[in-house]
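A predicted structure for the sequence below; I have some questions about it.
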Amino acid sequence: MPALHRQQNELLDSLRACWRAEFGGPAQVFFAPGRVNLLGAHLDYNQGFVLPAAVDRGTFVFARPRDDRRIRLRSLDREPVLDLDLDALSYDPAHAWANYAKGALAAFGPAQPGMDLLFGGNLPIGAGLSSSASILVATATAANHYTTNKRSTREIVYLCRDAEVNFVGVRCGIMDHYASAFGRDDHLLYLDCRTDTHADVPFDSGRAAVVVCDTTRRRELADGRFNDRVRECAEAVAALRRAGLQIDALRDLSMDELLKYKNTLDPLLARRAIHVVSEIERTRSGVESLRRGDLAAFGEQLIQSHASCRDYYEVSSPELDALVEAACSVHGALGARLTGAGFGGCCVAVVDRNEIDRFIKETASIYHKRTGLHARIYPFKPAMGAGRRADLE
Ligand code: GLA
């Protein structure tokens, strides 16, 4: 049995045992995946284009409705059960992961019954793979099953994004929740974050693998640096509008216009804008490369994206740079870049399918020599989005 399946079966076994001990009786099982973004770094909140895939890891929720308005939440790894009033859910800094579940539940309102919920997942937390979106989308998928006021998948996406922005306080865009909800086997989602619609882009898993390389250095999305970037982009738009450009978002800016108006911008804001405008172009041409089967050109676009994230958007870290360099130096690697918000966490590499084992070994060894850290490296498969899985009788 492949290692991931074995690990997933073990996780489900532990969840079943914990459910029986803590809650007992039957449960419905829901799952929402994390995501990895291949191109389009920090473009979603600039109304640009992104290229994520849902991955074959995420958050499982065992659930059952209750007759009262209590919400009882438990995570596999952490006791105790949180016993909360469904009609008075509020953010609590002490609740960590549970704030994401509460944020999704709070959005459903009176049409939703109380629930017992048990959570367990197999994504590294805070690593840039959207463990938070997978908790939100898994919770919302479960809640949607029991509410009398059913939401469409698109509505679930908006509800989860709004919960992350307003309940948790991270000014994120729509990409993570969208990929978690709409993922498709062996496809990337080419998502336009202005119209919130996507085209599926086939990914040839027979020729190449998407490999996630975890620096094992963590960052907190809620630590403020992510929100700083959102604010800086809004400031760049406001300054360019004052200078006479009719734009609503950095998405509306061409590189020619930016170069012409660059001097009206504070140098830091100009660097942020250069990243956004060039990354939009890279994402477009990356999709074209994939569509014509040119994986080498696609890999090159990943490498350019990392350089732009490092030099213009300034969201890399010494460990991410070391890991991207290590990955790109190994035979069989087509390209690599940081993924997610950056500042720590993971990079994503595209690797020749026949060279995976060697890639994993050599990348880990070079990275260890440079940093003393042990990278965790896993091949991922673009996978299906959120839904109900086999129930517990
Ligand atoms: C985080 C946010 C996303 C997106 C990425 C950067 O993951 O949650 O909305 O902005 O960073 O591309």
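Happy to help now that I have it. Numbers count the residues shown, from 1 in each chain.

Return the residues in contact with the closest residue to the ligand within the stretch 201-350 of the chain.
As assessed by C-beta to the nearest ligand atom, the ligand sits closest to A341 within the stretch 201-350 of the chain, at 3.6 Å. (Each C-beta comes from the backbone N, C-alpha and C, glycine too.) Residues in contact with A341 (C-beta atoms under 8 Å, 6 or more residues apart in numbering) are H42, G128, R219, L221, F226, V315.

So the closest residue to F380 other than its chain neighbours: helix, strand or coil?
Excluding the flanking residues, the one nearest F380 by C-beta to C-beta, 6 or more residues apart in numbering is V55, at 4.4 Å. Recorded secondary structure, V55: strand (DSSP: H, G, I helix; E, B strand; the rest coil).

Spit out the contact partners of V55.
33-36, 123, 129, 183, 210, 212, 380-383.

picking that back up, tell me which of the contacts of A341 is nearest to G299?
Of all those, G299 sits closest to G128, with 19.1 Å by C-beta to C-beta.

Hmm, G342 and that closest one touching each other?
Yes. G128 is within contact range of G342, at 7.2 Å (criterion: C-beta atoms under 8 Å).

in the stretch 251-393 of the chain, which spans are strands?
Along the stretch 251-393 of the chain, the stretches classed as strands by DSSP state E, counting those that start in this stretch are 333-338, 346-352, 376-380, 387-392.

could you dump the worst-scoring helix or strand of the chain on mean pLDDT to PDB, C-alpha only?
Least confident helix or strand of the chain, by mean pLDDT, DSSP states H and E, is strand 387-392 with a mean of 86. The C-alpha coordinates for strand 387-392 follow below in PDB (Å, rounded to 0.1, in the frame of the first residue of the first chain):
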ATOM      1  CA  GLY A 387     -16.900  16.500   0.100                       C
ATOM      2  CA  ARG A 388     -18.500  13.800   2.200                       C
ATOM      3  CA  ARG A 389     -16.500  10.600   2.700                       C
ATOM      4  CA  ALA A 390     -17.500   7.100   3.900                       C
ATOM      5  CA  ASP A 391     -19.500   7.400   7.100                       C
ATOM      6  CA  LEU A 392     -18.900   5.700  10.500                       C
END
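
returning to what we had before: any figure for the gap between the residue nearest to F380 and the ligand?
13 Å (C-beta to the nearest ligand atom, to the nearest Å).

So that residue versus V350, what's the distance?
14 Å (C-beta to C-beta, to the nearest Å).

What residues sit buried inside stretch 54-64?
A54, V55, D56, R57, G58, T59, F60, V61, F62, A63, R64 (16 or more other C-beta atoms under 10 Å).

Counting by contacts, list what the least confident helix or strand of the chain packs against.
Packing partners of strand 387-392 (3 or more C-beta pairs under 8 Å, 6 or more residues apart in numbering; DSSP states H and E): strand 27-37, helix 131-146.

of all the ones you listed, which lies closest to the ligand?
Evaluated with C-beta to the nearest ligand atom, the helices and strands packed on strand 387-392 place strand 27-37 nearest to the ligand, the distance being 5.7 Å.

So in that sheet, which strands flank the closest one, and in what orientation?
Under the criterion DSSP bridges, strand 27-37 sits next to strand 52-65 (antiparallel), strand 387-392 (antiparallel) in its sheet.

Please compute how far the first one lies from its chain's middle.
Taking C-alpha atoms, centre = their mean, to the nearest Å, one finds the center of strand 52-65 at 13 Å from the center of the full chain.

Done for today, thanks.
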